[in-house]
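Student: Pasting the sequence and the predicted model now:
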Amino acid sequence: MVKERDSEALREKRLIFYKQDIERINRILEEFQKLAGTRSNVLIDKDGHLITKLGATESYDLPTVSALVAGSFAATREMARLLGEQEFSVLFHQGKRDNIQLTLVGNRTILATIFDNQTTLGMVRLYAKEAAEKLTKIFAEIESRKEAPIGAESLGTDFGDKVKGALDDFFGE
């Protein structure tokens, strides 16, 4: 099963995002939001974990949206395979007032773009493609990075112990 091995390899080589990385990513998402007129942009990894969000996201249950976006892409990947494609890179869902476009970014992340009927799909597609290309370059830089960037904020060495202690306290163990 080649797909399973590829998936395992990606899990073993997770990207580590530092504050500076998220700031760079958010600048691209901000520019995309301004140019395309989107309501919100949510960057999700293929496992369904939220990486970052921008715009009006308060009314959305983002953990659930993130999981459903990842699931939708997984199901669509299988459909593509059955049709002889490796993967579909863009999915679009149209509602009465809100729409969502899902754009594959590199081989690890999905950009979920939520917009209303005041925004044209053509503008979203045009600028989403440009944003995806810029984000893919950032992810390639992050993946090739051997060490934390200068001045990067990272978790302390005792963070795991503190979290374990807090979880033990929470669950009464």
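Tutor: The structure has been received and is ready for your questions. Being a predicted model, the structure only gives us computed values, none of them experimental. Numbers count the residues shown, from 1 in each chain.
Student: ok now do the residue nearest the centre of the chain, which residues does it touch?
Tutor: With distances taken as CA atoms, centre = their mean, the residue of the chain nearest its centroid is residue 44 (2.2 Å). For residue 44, the contacting residues are 50-51, 66, 69-70, 109-112, by CB atoms under 8 Å, 6 or more residues apart in numbering. For the C-beta atoms, the positions are set from N, CA and C on the backbone; glycine is no exception.
Student: can you do 7 Å?
Tutor: Residue 44 is in contact with 50-51, 66, 69-70, 109-110, 112, counting by CB atoms under 7 Å, 6 or more residues apart in numbering.
Student: what pLDDT does it get?
Tutor: Looking at residue 44, its pLDDT is 94.
Student: helix or strand for the closest residue to it other than its chain neighbours, which one?
Tutor: Among residues not flanking residue 44 along the chain, residue 66 sits closest, at 4.6 Å (CB to CB, 6 or more residues apart in numbering). Taking DSSP states H and E as the criterion, residue 66 maps to helix 62-82.
Student: where does the chain dip in pLDDT?
Tutor: 1-14, 146-173 (pLDDT under 70).
Student: can you give me the strands in it?
Tutor: With DSSP state E, the ranges of strands along the chain come out as 40-45, 50-55, 90-94, 98-105, 109-116.
Student: okay, the ones you listed in TSV with distance to residue 25 next?
Tutor: Formatted as TSV, the strands of the chain follow (distance: least, CB to CB, whole Å):
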stretch	distance to residue 25
strand 40-45	7
strand 50-55	6
strand 90-94	19
strand 98-105	10
strand 109-116	10
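Student: Residue 24 is nearest to which of those?
Tutor: Taking CB to CB, strand 50-55 is the member of the strands of the chain nearest to residue 24, at 10.3 Å.
Student: Pull the distance from that closest one to the chain's centre.
Tutor: 8 Å (CA atoms, centre = their mean, to the nearest Å).
Student: cool, and stretch 119-126?
Tutor: On CA atoms, centre = their mean, the centre of stretch 119-126 falls 19 Å from that of its chain.
Student: cool, stretch 99-118 as well?
Tutor: 9 Å.
Student: What residues sit buried inside it?
Tutor: Across stretch 99-118, burial judged by 16 or more other CB atoms under 10 Å covers 99-106, 108-115.
Student: Could you identify the longest helix within this structure?
Tutor: helix 121-144 (DSSP state H).
Student: any idea of the angle that one forms with strand 98-105?
Tutor: For helix 121-144 against strand 98-105, the angle by axes from the mean of the first three to the mean of the last three CA atoms, to 10 degrees is 40 degrees.
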